[in-house]
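>>> Sequence first, then the predicted structure, then my questions.
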Amino acid sequence: MWAELLPMGRSSASGGYRRYAWTGADADCRTWFQEQAEARGLAYETDRNGNQWAWLGDPAAGNAVVTGSHLDSVPDGGAFDGPLGVVSAFAALDELRGRGARFTRPLGIVNFGDEEGARFGLACVGSRLTAGALTVEQAHRLTDGDGVTLPRAMEDAGYDPDTLGADPERLARIGAFVELHVEQGRALDLSGDRIGIASAIWPHGRWRFDFRGEANHAGTTRLADRRDPMLPYAETVLAARREAELAGAVATFGKVGVEPNGVNAIPSLVRGWLDSRAADQESLDAVVSGVERAAREHAAAHGADLDVVRESFTPVVEFDHALRDELARILGGATELKVPVLGTGAGHDAGILSGRIPTAMLFVRNPTGVSHSPAESAAEDDCVAGVIALADVLEGLACT
């Protein structure tokens, strides 16, 4: 499975992946998912929001156990973020069938669409729509860098955008969702553990900072006469680092747009996106308010105007304690591995769904901690350990 999936959407220039929602690479991944489902005799379907499902047993029976993740990527992302959870889901089912496990609850495997938000700027679109955390009106306003709307992109890919919306009936059929994911950090590597259980996802969000100045000639305009928005933007990037250090949090300006974007032109607009995450809401608020305060001071000093827009936000997610404890009990009894419980600053579909259904997460060790990069990696024996752990969990939850 891994060998088949690896070439899809891979850039020969960077070695990373460009599997953006509703593109050709995304279509290839979706075809792969459907083929894996049908090869195992699973019932395949695509829901109203473009998420893919594969079912063993009748999902209408209710109290289903679901596992899976996503197949899309960030720009030039790594091979493991998302796909490891989907590949491991199919592999865990194969493992359970090899054990002769008898299922007493329906089992589902899911590929949530547009988890990374690389194309339309909002993470977890598929799960947000399903959970009702993103309205149809909001979804219809999403556009990519070329001005293509989400509905148009879906339609071009052969899907019906008129069906978008909350899917409470589907969620009501699910008794538990367990997502396996490569760890995006080094906690397991530092502790020497192969597998971990998630405790919580830090609160996090994305804010857009629009610095507006005055376009002018770079070679003839005196420094004293300039209203250059690049200067307050640059100082705001440094302020974000300082504020994050003070709060023990993280803050990153990782995306920037410049107009008119000419080498010999003073910009009229510099637009930067801030991603910030912290262990608690108070710390996150302190970081973002500190960054905005510094941005406004620097904008005023350089004669620039500033607009700040919060584009997305996810509060702290405490995973279902009963399900989390059940995972720990199952794995503690089934393996000799220590299974630490750890928090994460990365968002996931499991976090979005946690307000609607019981969710939990398993992490697989990342030897470098690098993620959202072609250098992202995981050792084969750790990945196999993840499959076995997921199979043990599914057996404990869904089998006799």
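Arrived safely. Numbering: from 1, shown residues only.

>>> can you give me the helices in the chain?
Per DSSP state H, the chain has helices spanning 2-5, 24-39, 83-99, 125-131, 136-140, 150-156, 168-172, 187-191, 230-247, 281-301, 321-334, 349-353, 380-398. These are given in chain order.

>>> Can I get these in a markdown table including mean pLDDT, distance to residue 369 and mean neighbour count?
Bear in mind the C-beta positions are built from the backbone N, C-alpha and C, glycine included. Supplementary listing: these in a markdown table, determined by pLDDT from 0 to 100; distance: least, Cβ to Cβ, whole Å; neighbours: other Cβ atoms under 10 Å:
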| stretch | mean pLDDT | distance to residue 369 | mean neighbour count |
| --- | --- | --- | --- |
| helix 2-5 | 94 | 21 | 13 |
| helix 24-39 | 98 | 25 | 18 |
| helix 83-99 | 98 | 15 | 22 |
| helix 125-131 | 97 | 25 | 26 |
| helix 136-140 | 97 | 33 | 15 |
| helix 150-156 | 97 | 33 | 18 |
| helix 168-172 | 97 | 33 | 13 |
| helix 187-191 | 93 | 6 | 16 |
| helix 230-247 | 98 | 17 | 19 |
| helix 281-301 | 98 | 21 | 18 |
| helix 321-334 | 89 | 23 | 16 |
| helix 349-353 | 95 | 20 | 27 |
| helix 380-398 | 97 | 13 | 21 |
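
>>> Adding distance to residue 69, write those out as JSON lines.
Below are those laid out as JSON lines (distance: least, Cβ to Cβ, whole Å):
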{"stretch": "helix 2-5", "distance to residue 69": "13"}
{"stretch": "helix 24-39", "distance to residue 69": "11"}
{"stretch": "helix 83-99", "distance to residue 69": "3"}
{"stretch": "helix 125-131", "distance to residue 69": "10"}
{"stretch": "helix 136-140", "distance to residue 69": "21"}
{"stretch": "helix 150-156", "distance to residue 69": "21"}
{"stretch": "helix 168-172", "distance to residue 69": "17"}
{"stretch": "helix 187-191", "distance to residue 69": "17"}
{"stretch": "helix 230-247", "distance to residue 69": "28"}
{"stretch": "helix 281-301", "distance to residue 69": "25"}
{"stretch": "helix 321-334", "distance to residue 69": "16"}
{"stretch": "helix 349-353", "distance to residue 69": "7"}
{"stretch": "helix 380-398", "distance to residue 69": "11"}
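
>>> nearest to residue 271, of these?
helix 230-247 (8.6 Å; Cβ to Cβ).

>>> so residue 331 sits right up against residue 395, yeah?
No: look at residue 331 against residue 395 with Cβ atoms under 8 Å: they stay out of range, at 11.1 Å.

>>> Check the gap between residue 325 and residue 344 for me.
According to Cβ to Cβ, to the nearest Å, residue 325 stands 18 Å off from residue 344.

>>> oh sorry, the question was meant for residue 9
When residue 9 is compared with residue 344 (using Cβ to Cβ), they lie 25 Å apart.

>>> How about residue 172?
The separation that residue 172 has from residue 344, given Cβ to Cβ, amounts to 28 Å.

>>> if you skip the residues just before and after it, what's nearest to residue 329?
Distances taken as Cβ to Cβ, 6 or more residues apart in numbering place residue 396 nearest to residue 329, at 7.9 Å, with adjacent residues excluded.

>>> Residue 9 too?
For residue 9, the nearest residue in space outside its immediate sequence neighbours is residue 25; the separation is 3.0 Å by Cβ to Cβ, 6+ apart.

>>> Hmm, residue 27 is touching residue 156, no?
No: counting by Cβ under 8 Å, no contact exists between residue 27 and residue 156, whose distance comes to 10.4 Å.

>>> gap between stretch 146-165 and the chain center?
From the chain centre to the centre of stretch 146-165 is a distance of 20 Å (Cα atoms, centre = their mean, to the nearest Å).
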